[in-house]
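> Just a sequence and a predicted model for now, questions to come.
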Amino acid sequence: MAKPDADAGWPARLLLIGCGNMAGAMLARWLELGLPAERVTVVRPSGRPVAPGVTVVTQVEGPLEPGTVVMLAFKPQQLGAVAPGLTGLIGPETVLLSILAGVPAARLRSAFPQAGAILRCMPNLPVRIGKGVSTLYGEPGMPDGVWAQADALCRALGLVEWLEDEALFDTATALAGCGPAFVYRFIDALSTAGAELGLAPDMAARMALATMEGAALSAASSDVAPAAMADAVASKGGMTREGLNVLDEEDGLAPLIARTVRAARDRGAALAAASQQAD
Ligand SMILES: NC(=O)C1=CN([C@@H]2O[C@H](COP(=O)(O)OP(=O)(O)OC[C@H]3O[C@@H](n4cnc5c(N)ncnc54)[C@H](O)[C@@H]3O)[C@@H](O)[C@H]2O)C=CC1
Ligand SMILES: O=C(O)[C@@H]1CCC=N1
C-alpha cells in the first residue's frame, strides 16, 4: 500500500473537527502508516483522548499554521452550529477537507469564504484496514499541490476515485460510503438463512462471513467480471442456478439494490438542506 512521503505527503498540521466512527478510522490508519501524531489536533466535545501523541481539545483555537489541513468530520446537520466558531480561523493557507455527506462544496464555500481550497471526500469504514474507498471532489481551479496531497492521504486508505461532476457525489456516497452497511446486511441475511434452515447460528455466521470474504477477494483478484463469476459457480442443472433464479427474478436482488442505493442517494439532498439551517 502506497503511503504519503513522510514530509511531502503528510500535512504539516492536521486538524480534525469531530472524530467519531469515520474520522477515527481514517486517523487510526494514517497513524499506523506513519503520520506523526504530534501533527494532529482533534476537536471533540468530550475531550476524550484519541491516540498517544494526538492533541485533543474541546474547542478550536487559532491561529492555524499555514498549510493546515482541516477535516470536517461531524454530522452534516451540525454545520450551521460549528461553522461560526471556525470560519474566522480558515484562511487562504488552509485546505478544507469535508467528509460531510450531502453537503455541497458551494455550501462549504459560503460557510468558509476565505478557505484556500475546499475538497469533499467520501470515505467508507474499511479505510481502517486500508481497504476503503474514498471519492474525492475538489472545487474547480484547485492547485495541483492540494490535489496531490488529498490524493496521497486518501490513497493510504484504499481505492481513490475523483469525480469531476459534483452532481454525482451523492450517488458515489450511496454506493461506496453507505455500501459497507448494505454488504454487512447481505452477510447477515446469508447467515440467517442458513440458521433458519438448521445450521447452528454461530457456524452459519462464520460461514457467511468467510464466504463473503473469499468471494470478494477472489473477484478482486480476477479479470472476470463478478456477474460472469456467478455463472461459473452455477453448474448446469445444479443447485446454484436455482438460487440465482430467485435472485434474478424481476423483483429480485438487482431492483432491490437499485432502490436501496437510490434511497440513500436521495437522502443527500435532505442533508444538504439541513446543513443550511442555523446559519
Ligand atoms: N460512518 C460512516 O461510515 C461515514 C460517515 N461519513 C461522514 O462522517 C461524518 C461523521 O460521521 P460518523 O463518524 O459516522 O459520526 P459520529 O457520530 O461517530 O461522529 C461525529 C463526531 O462529531 C463530534 N462532534 C459533535 N459536535 C461537534 C462539534 N461541535 N465540534 C467537533 N466535533 C463535534 C461528535 O462528538 C462525534 O464524535 C458525517 O458527516 C458523515 O456524513 C462519511 C463517510 C462514511
Ligand atoms: O449514513 C451516512 O449519512 C454516512 C454517509 C455514508 C456513510 N455514512
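Noted; the coordinates are in hand. Ligands and ions are numbered 1, 2, ... in the order given.

> use CA for all of it now, contacts and neighbours both
OK.

> mind checking the end-to-end distance for stretch 137-144?
With CA to CA, to the nearest Å as the measure, stretch 137-144 spans 13 Å from end to end.

> name the helices or strands packed onto the helix or strand residue 207 falls within?
Element membership of residue 207, judged by DSSP states H and E, is helix 201-220. Contacts defined by 3 or more CA pairs under 8 Å, 6 or more residues apart in numbering; DSSP states H and E place helix 201-220 against helix 179-196.

> And ligand 2, is the helix it packs on touching that?
No - Helix 179-196 does not reach ligand 2 (CA under 6 Å from any ligand atom); its nearest approach is 7.7 Å.

> which residues does the closest residue to residue 272 other than its chain neighbours contact?
Using CA to CA, 6 or more residues apart in numbering and skipping residues adjacent in sequence, the residue nearest residue 272 is residue 103, 4.7 Å away. Shown in contact with residue 103 (CA atoms under 8 Å, 6 or more residues apart in numbering): 76, 268, 271-272, 275.

> Quick one: buried ones out of those residues?
76, 268, 271-272, 275 (16 or more other CA atoms under 10 Å).

> could I get stretch 215-234 in CSV with only the CA atoms?
Output of stretch 215-234 as CSV, limited to C-alpha atoms (Å, rounded to 0.1, in the frame of the first residue of the first chain):
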residue,chain,number,x,y,z
ALA,A,215,-15.9,-14.2,-2.9
ALA,A,216,-14.9,-10.6,-2.6
LEU,A,217,-11.2,-11.3,-2.6
SER,A,218,-11.4,-13.8,-5.5
ALA,A,219,-13.4,-11.3,-7.5
ALA,A,220,-10.9,-8.5,-6.8
SER,A,221,-8.0,-10.7,-8.0
SER,A,222,-9.8,-11.9,-11.1
ASP,A,223,-10.1,-10.5,-14.6
VAL,A,224,-13.6,-12.0,-14.9
ALA,A,225,-16.5,-9.7,-14.1
PRO,A,226,-18.5,-10.6,-11.0
ALA,A,227,-21.6,-11.3,-13.0
ALA,A,228,-19.7,-13.9,-15.0
MET,A,229,-18.1,-15.4,-11.9
ALA,A,230,-21.6,-16.0,-10.5
ASP,A,231,-22.4,-18.0,-13.6
ALA,A,232,-19.2,-20.0,-13.2
VAL,A,233,-20.3,-21.2,-9.8
ALA,A,234,-23.6,-22.3,-11.2
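
> Now do it: everything it contacts.
Contacts of stretch 215-234 (CA under 8 Å, 6+ apart): 240-241.

> Just give me how far that stretch sits from the chain centre.
25 Å (CA atoms, centre = their mean, to the nearest Å).

> Buried residues in it, which are they?
Applying 16+ other CA under 10 Å to stretch 215-234 flags residue 219 as buried.

> Rounded mean pLDDT for it, please.
For stretch 215-234, mean pLDDT rounds to 97.

> If you tally nearby residues, what's the number for residue 237?
8 (other CA atoms under 10 Å).

> any idea how far residue 155 is from it?
Going from residue 237 to residue 155 by CA to CA gives 44 Å.

> Over to residue 149?
10 Å.

> With residue 194 instead?
Distance from residue 194 to residue 155, by CA to CA: 37 Å.

> Kindly report the same for residue 206.
Per CA to CA, residue 206 is found 30 Å from residue 155.

> Make sure residue 154 is actually in contact with residue 148.
No - with contact defined as CA atoms under 8 Å, residue 154 does not count as touching residue 148 (10.0 Å).

> residues contacting the residue of the stretch 101-250 of the chain at minimum distance from ligand 1?
Nearest residue of the stretch 101-250 of the chain to ligand 1 (CA to the nearest ligand atom) works out as residue 101 at 3.7 Å. Contacts of residue 101 were listed using CA under 8 Å, 6+ apart, and they are 76, 122, 170, 173, 268, 271.
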